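[1] Quick one: sequence plus predicted model below, questions after.
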Number of protein chains: 2
Amino acid sequence: MTDDDIHREIFEAIIDGRLEPGEKLGQDELGKVFGVSKTRIRPVLHRLADQKIVVIEPMRGAFVARPSVEDARAVNAARQIIEEGVIRAATRAAKPRHLKILRQIVAEEQGARDRRDGGHAHRLTGEFHCELARITGNDVVAELVRELVSRDSLVVALYQRPASSVCSLGGHTDLIDKIASGDEDAAAHAMRHHLQDVMDSLDLGDEGRKAPSLATAFAHLGSRS
Amino acid sequence: MTDDDIHREIFEAIIDGRLEPGEKLGQDELGKVFGVSKTRIRPVLHRLADQKIVVIEPMRGAFVARPSVEDARAVNAARQIIEEGVIRAATRAAKPRHLKILRQIVAEEQGARDRRDGGHAHRLTGEFHCELARITGNDVVAELVRELVSRDSLVVALYQRPASSVCSLGGHTDLIDKIASGDEDAAAHAMRHHLQDVMDSLDLGDEGRKAPSLATAFAHLGSRS
DNA sequence: AATTCAGTTTTAGTATACGATTTTTTCTTG
DNA sequence: CAAGAAAAAATCGTATACTAAAACTGAATT
């Protein structure tokens, strides 16, 4: 069990939603889970904190990150900016085999949705954008996009509307078409709107449904203080 | 002396070239420097490794990163892709005060060059790109660019030609002009070429001048094996 | 004289131990 | 009985101790 294994294990547990935002990540507790001392857990937690997947409150411990509404908007806006450059480069570099891979991912995505497997579908949605970044042939870019996508996964986990995973259905195929056409500007435009659609499909009205603040939890009582 | 202080201290020592690429970063040694145990050095080293500023070889220790020629090309290519999106967003968002800040940085840069203060000039060059990212008003993007720029600093430190820091002189003012004109495409184009110019000004012929491989060090002897 | 191998020293990686701080529990008091 | 204070438990952060691997030294051998 290497350090990266521990990291990946926790990372995936969070992204897959098996660990809820705000949940406490105790060092000794995790150490017992993985059969190591907390000495090896701490660096992993710090790395996850660097990735904004967890937050570390001094002397209080690590918690699964709970991005605020502003964080959510900032990450999405960042993706619009970054992935504009990415899809432009991808459009310039795209070969038929690349498009084939993208189409395959969309197909699997569709399949997962049909099977009502929202988790898998969501993961493939992220995979699509990562694969898009890979078309550029640049590992640095691919890694950057991967990080942004994973941060966005947390956001979606927190703010996704109950009955809305159909939103990005056409979005990805549209992106592929634009890339295939070689029209860089059209592709960039489509990407910005696609990400904006994802954003708009979120319920950013309250500060996260899970573990809400007391004020919102008891809002139905009205303010009496 | 907080953890971040230690991190920044080592980070800046590397970026400023006070620690040469390839140099060993012993845990106990650094611990003594900062008056702490290696327990607190290790996470810092790992964080720097995440940032690709140092490399950690298992059971051998940490060393100041020595990006290969391929790494150098990849980081520059990544910047071309990422910063295309950034300058487009910046062009759309730019206000007069932003341009003023950029022009000021260029002026300071020019002053530093006149004073033959290459280090300061180089640092301001990076600062220019970070400030450009800040125009987008997005902290996530700004942070991303900052990381890429710092990685590039290492590359430049390794591969810069002895007498060539004049290269990007006109580049930045040109970028400002394009942003001011509001012509997004022109700005994006200028950015790509500016970064390509920086790249071309590097001496990527050998695998780094400092501490070269034995093969290149004794190349003048010819191959006799 | 160069090379290899054994012994020594150094150093990375990990666990344990300990002090400091927070959280929880319990006890007191109005 | 509720609220606050004090004590106890739990847990974070750091240093120290230990183990194992790598680097170094030097002698022996070809």
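    Cool, the structure landed.
[2] need the contact list for A:Gly17.
    A:119, A:157 (Cβ atoms under 8 Å, 6 or more residues apart in numbering or on different chains). From N, CA and C alone the C-beta is placed, and that goes for glycine too.
[3] Could you find the closest non-adjacent residue to the spatially most central residue of chain A?
    The residue lying closest to the centre of chain A (Cα atoms, centre = their mean) is A:Ser153, at 2.1 Å. Excluding its sequence neighbours, the residue lying closest to A:Ser153 (Cβ to Cβ, 6 or more residues apart in numbering or on different chains) is A:Ile15, at 4.9 Å.
[4] cool, and A:Asn76?
    Nearest to A:Asn76 is A:Met199, by Cβ to Cβ, 6+ apart, at 4.5 Å.
[5] Let me know the next secondary structure element after the longest helix along chain A.
    Criterion DSSP state H: the longest helix present in chain A is helix A:69-93. Using DSSP states H and E, the helix or strand that directly follows helix A:69-93 along the chain is helix A:96-114.
[6] Buried residues in that next one, which are they?
    Residues of helix A:96-114 classed as buried by neighbour count (16 or more other Cβ atoms under 10 Å in any protein chain shown): A:98, A:102, A:105-106, A:108-109, A:112-113.
[7] That helix near chain B at all?
    No - under the criterion of Cβ under 8 Å from any Cβ of the partner chain, helix A:96-114 makes no contact with chain B; the nearest approach is 15.3 Å.
[8] Quick one: list the elements packing against that helix.
    With contacts defined as 3 or more Cβ pairs under 8 Å, 6 or more residues apart in numbering or on different chains; DSSP states H and E, helix A:96-114 has these neighbours: helix A:118-135, helix A:169-181.
[9] centre of the chain versus the shortest one, how much separation?
    Pointing back at helix A:169-181 there. 20 Å (Cα atoms, centre = their mean, to the nearest Å).
[10] Could you do the first one as well?
    Helix A:118-135 sits 9 Å away from the centroid of its parent chain (Cα atoms, centre = their mean).
[11] Could I get the buried residue list for that helix?
    Judged by neighbour count using 16+ other Cβ under 10 Å, the buried positions of helix A:118-135 are A:120-135.
[12] just the angle between it and helix A:169-181, please?
    20 degrees (axes from the mean of the first three to the mean of the last three Cα atoms, to 10 degrees).
[13] Taking helix A:118-135 as reference, get the angle to the helix or strand following helix A:118-135.
    Per DSSP H and E, the first helix or strand lying C-terminal to helix A:118-135 is helix A:139-159. Inter-element angle recorded for helix A:139-159 and helix A:118-135: 160 degrees (by the same axes, to 10 degrees).
[14] Just the mean pLDDT for helix A:139-159, thanks.
    Averaged across helix A:139-159, pLDDT comes to 94.
[15] relative to helix A:69-93, how tilted is it?
    Going by the same axes, to 10 degrees, helix A:139-159 makes 140 degrees with helix A:69-93.
[16] domains of chain A?
    The domain map for chain A lists A:3-64, A:69-200, with the assignment taken from automatic domain parsing.
[17] Close to DNA strand D: what parts of chain A are there?
    Taking Cβ under 7 Å from any atom of the strand as the measure of proximity, chain A contacts DNA strand D at A:24, A:26-29, A:38-39, A:42, A:56, A:58-62.
[18] Of those, grab the buried ones for PyMOL.
    Of the residues of chain A next to DNA strand D, the buried ones can be selected in PyMOL as follows, counting by 16+ other Cβ under 10 Å:
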select buried, chain A and resi 27+42+56+62
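[19] Using CSV, please lay out the residues of chain A next to DNA strand D together with pLDDT and distance to A:Arg192.
    CSV is the format used below for the residues of chain A next to DNA strand D (pLDDT from 0 to 100; distance: Cβ to Cβ, whole Å):
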residue, pLDDT, distance to A:Arg192
A:Lys24, 95, 38
A:Gly26, 95, 41
A:Gln27, 96, 41
A:Asp28, 95, 46
A:Glu29, 93, 42
A:Lys38, 96, 44
A:Thr39, 95, 45
A:Arg42, 96, 40
A:Ile56, 97, 33
A:Pro58, 96, 38
A:Met59, 95, 42
A:Arg60, 96, 39
A:Gly61, 96, 39
A:Ala62, 97, 34
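[20] which ones among the residues of chain A next to DNA strand D are found in helices?
    Reading helices off the residues of chain A next to DNA strand D with DSSP H, I get A:27-29, A:38-39, A:42.
[21] okay, now A:Arg116: neighbour count?
    When neighbours are defined as other Cβ atoms under 10 Å in any protein chain shown, A:Arg116 has 9 of them.
[22] Kindly report the same for A:Glu9.
    Neighbour count for A:Glu9, taken as other Cβ under 10 Å: 15.
[23] pLDDT averaged over the helix or strand hosting it, what's the number?
    Here A:Glu9, judged by DSSP H and E, is contained in helix A:3-15. Mean pLDDT, helix A:3-15: 93.
[24] which residues are contacting it?
    Under the contact criterion Cβ under 8 Å, 6+ apart, helix A:3-15 has outside partners A:19, A:25, A:30, A:34, A:36, A:40-41, A:43-44, A:47-48, A:51, A:53-54, A:64, A:123, A:150, A:153-154, A:157.
[25] Apply 6 Å and report the result again.
    Helix A:3-15 is contacted from outside by A:19, A:34, A:44, A:53, A:64, A:150, A:153, using Cβ atoms under 6 Å, 6 or more residues apart in numbering or on different chains.
[26] just stretch A:59-79 next, same as before
    By Cβ under 6 Å, 6+ apart, the residues outside stretch A:59-79 that reach it are A:14, A:19, A:21-25, A:45, A:52-56, A:148, A:151-152, A:154-155, A:195, A:199, A:204, A:208, B:138, B:140-141.
[27] mind checking how far that stretch is from the chain centre?
    Here stretch A:59-79 is found 11 Å from its chain centre; the criterion is Cα atoms, centre = their mean.
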